[in-house]
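K.L.:
fold the following, please.
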Amino acid sequence: MVSIKRSTLTFLRTAERTGSSKNTVTAKKGVSRECTPVTPIVECVDQKSAGIYSARFGYENQNNFEVPMPIGQYNLFTPSPEDRGQPDRFFEGLVKTVFTVDFDGSDLTWKLGVKAITASKLSKSCNLETPPVCDAGGPYQQACGGDQTRIKLDGSGSSDPEGKVLTYKWSTTCQDISIDNATSATPTVTLTGPGKGTAADCKAILVVSDGVLNSTCEAPISVPACEPECTDSSGKPGELDECGVCNGDGTSCQGCDGKGGELDQCGVCGGSDACLGCDGVANSGKVPDACGVCGGDGSTCLQCNDTNISSTLFAMDSNSKQQEANARSALKRLEKNSSSAATKKFVAQARTDASKLANQAWTLTWSLPQVIKTCAESSACSQSDNSVTINSFNTASSGLRDITQQALRQLQKALGGRLRAADKKIGTAADRLFDQATALSSSVPRFQSVCQ
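P.N.:
Residues are numbered from 1 along each chain as shown. You can find the predicted model right below:
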């Protein structure tokens with residue numbers, strides 16, 4: 001590491017061998033990227049004996065390279081000695097417990113570049129286990145809920161100073177109570193006593209554990225006894241029936257229309273359950289599908305078959321690339337044996353056309369679905385025609401073959417009417433590859449089913 005006091009610092013390197021080149025590297029203020037300072041860390045402090053403490057130090061280097069920092073002005077301890085076993089090279093990342101320093105417990109500061117950290121006997125202890133903090137929530141005061149009064153307890157305010165995961169265990173001093181999931185931070189308790197006329201005045205007890213230490217806390221639960229919903233003419237407490245009569249039998253009131261009418265399942269007085277779906281549920285929106293299945297997707301009676309043609313598509317893709325390469329071989333032979341302006345113009349245009357046709361064939365190939373669905377129940381499906389795509393692919397393949405043949409004809413003319421054996425093989429390959437392309441495209445089903 002070099003400190004730049006001026007605006008520019010240039011490093012010159014000259015090799016020892018005579019005549020070798022010189023290399024320079026220049027660093028500039030405000031131009032070169034600034035390194036992220038290395039951060040010293042005090043992990044914790046142990047008391048070894050009376051008046052003797054041991055501090056654990058680490059560091060964090062957020063740069064993606066090692067940072068050297070010699071012991072001295074930018075890497076020292078105060079009070080002295082400056083060198084207390086700290087490193088002078090700092091690897092990237094968070095590095096823990098690099099070294100320890102014994103001291104008397106007073107402030108001990110490690111200065112590292114522009115950063116500094118101080119350890120003392122008041123720093124976090126390495127060995128101290130602190131019990132968790134228990135918080136049972138509450139107080140839980142609630143009105144009587146009838147036969148069953150439900151209260152949600154909340155111990156989520158509990159915590160552990162070391163950040164350990166807590167476990168929970170609830171209990172109560174209440175009578176006639178049940179706890180749903182007593183090991184949850186937020187269980188629900190159900191009291192039945194208040195509904196029977198007995199008030200609840202008890203406690204919820206929570207025990208939290210960090211796996212080593214436990215803490216216990218409690219919170220009051222208070223639910224008054226239920227008041228009777230009504231008192232009938234004889235003074236007997238009871239409940240109102242649907243007609244609003246205390247201890248009534250529900251027959252004293254008229255229908256929803258005042259004439260004995262009843263509400264249907266859709267809430268319509270005297271209605272005909274018009275909102276019911278085919279599943280008998282009000283407002284479900286379910287209707288029979290084309291196969292007669294309630295809420296179905298129309299697929300159960302279609303008798304569909306899926307044909308995976310991905311291997312065919314890969315073969316068509318490969319064939320197009322081979323045809324383009326074959327055409328380029330013919331054009332290269334022509335360019336080598338004829339230097340006329342007309343030939344150069346033809347070769348340049350033919351190469352452009354071959355590339356376009358190959359790209360077109362690739363696009364057409366992969367516009368076809370890799371899985372073709374064919375369904376027997378045509379009335380529930382529509383047919384999608386792949387013929388246009390297949391025919392266009394064949395046209396592109398034919399174009400690639402034609403470019404090859406045109407190039408060979410001009411080459412034959414340039415060679416005085418005779419082609420080499422290798423040139424003839426190029427022509428044969430052009431016909432063979434075209435035949436393969438049409439055979440592959442012919443194996444793709446022309447029609448596929450699209451079913452809702």
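
K.L.:
can you list the domains in this protein?
P.N.:
1-127, 140-223, 304-451 (automatic domain parsing).

K.L.:
count the residues that sit near the closest residue to Phe91 other than its chain neighbours.
P.N.:
Computed as Cβ to Cβ, 6 or more residues apart in numbering, the closest residue to Phe91 that is not its neighbour in sequence is Glu66, at 5.5 Å. Heads up, the C-betas are built off the backbone N, CA and C, glycines and all. Residues contacting Glu66 under the criterion other Cβ atoms under 10 Å number 10.

K.L.:
repeat for Ala182
P.N.:
15.

K.L.:
that one - that's part of a strand, no?
P.N.:
No - using DSSP: H, G, I helix; E, B strand; the rest coil, the secondary structure at Ala182 is coil, not a strand.

K.L.:
surely it meets Gly155?
P.N.:
No - in this structure Ala182 lies outside contact range of Gly155 using Cβ atoms under 8 Å: 10.8 Å.

K.L.:
how about low-confidence regions in this protein?
P.N.:
1-32, 128-129, 237-238, 252, 254-255, 257-260, 290, 297-302, 377-380, 452 (pLDDT under 70).

K.L.:
looking at the domains of the chain, which is nearest to Ala282?
P.N.:
With Cβ to Cβ as the measure, domain 140-223 is the member of the domains of the chain nearest Ala282 (26.9 Å).

K.L.:
can you tell me how far the residue nearest to Phe91 sits from Leu411?
P.N.:
Counting by Cβ to Cβ, to the nearest Å, the separation of Glu66 from Leu411 is 62 Å.

K.L.:
quick one on the thing from earlier: can I get the domains of the chain in JSON lines with distance to Gly295?
P.N.:
Shown next, in JSON lines, are the domains of the chain (distance: least, Cβ to Cβ, whole Å):
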{"stretch": "domain 1-127", "distance to Gly295": "56"}
{"stretch": "domain 140-223", "distance to Gly295": "34"}
{"stretch": "domain 304-451", "distance to Gly295": "16"}
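
K.L.:
for these, which one sits closest to Asp241?
P.N.:
Among the domains of the chain, domain 140-223 sits nearest to Asp241 (Cβ to Cβ), with 15.5 Å.

K.L.:
work out the gap between that closest one and the centre of the chain.
P.N.:
On the basis of Cα atoms, centre = their mean, to the nearest Å, domain 140-223 is displaced by 36 Å from the centre of the chain it belongs to.

K.L.:
what's the span of it, first residue to last?
P.N.:
In domain 140-223, first residue to last residue: 8 Å (Cα to Cα, to the nearest Å).

K.L.:
likewise stretch 166-177?
P.N.:
When the termini of stretch 166-177 are compared using Cα to Cα, they are 25 Å apart.

K.L.:
list of residues touching it?
P.N.:
If you take Cβ atoms under 8 Å, 6 or more residues apart in numbering as the criterion, stretch 166-177 is touched by 132, 153, 155, 158-160, 179, 182-185, 187, 189-193, 196, 198, 200, 202-211, 221.

K.L.:
can you give me the helices in the protein?
P.N.:
Along the chain, counting by DSSP state H, helices occupy 310-337, 341-367, 387-414, 421-442.

K.L.:
of all the ones you listed, which lies closest to Lys115?
P.N.:
helix 341-367 (55.8 Å).

K.L.:
please identify the buried residues of the closest one?
P.N.:
343, 346-347, 350-351, 354, 357-358, 360-362, 364-365 (16 or more other Cβ atoms under 10 Å).

K.L.:
same question for stretch 101-120.
P.N.:
Those would be 101, 103, 105, 108, 110-113, 117, 119-120, for stretch 101-120 by 16+ other Cβ under 10 Å.

K.L.:
quick one: contacts of stretch 329-336?
P.N.:
Contacts for stretch 329-336 (Cβ under 8 Å, 6+ apart): 343-344, 346-347, 350-351, 354, 403-404, 407-408, 410-411, 414, 423, 426-427, 430.

K.L.:
figure out how far that stretch is from the centre of its chain.
P.N.:
With Cα atoms, centre = their mean, you get 52 Å for stretch 329-336.

K.L.:
same thing with stretch 445-452?
P.N.:
The chain centre lies 34 Å from the centre of stretch 445-452; the measure is Cα atoms, centre = their mean.

K.L.:
also stretch 263-281?
P.N.:
44 Å.

K.L.:
what is the neighbour count of the closest residue to Cys275 other than its chain neighbours?
P.N.:
With Cβ to Cβ, 6+ apart as the criterion, Cys275 has its nearest non-adjacent residue at 3.7 Å, and that residue is Cys266. Number of residues near Cys266 (other Cβ under 10 Å) recorded here: 13.

K.L.:
please consider this matter closed, and thank you.
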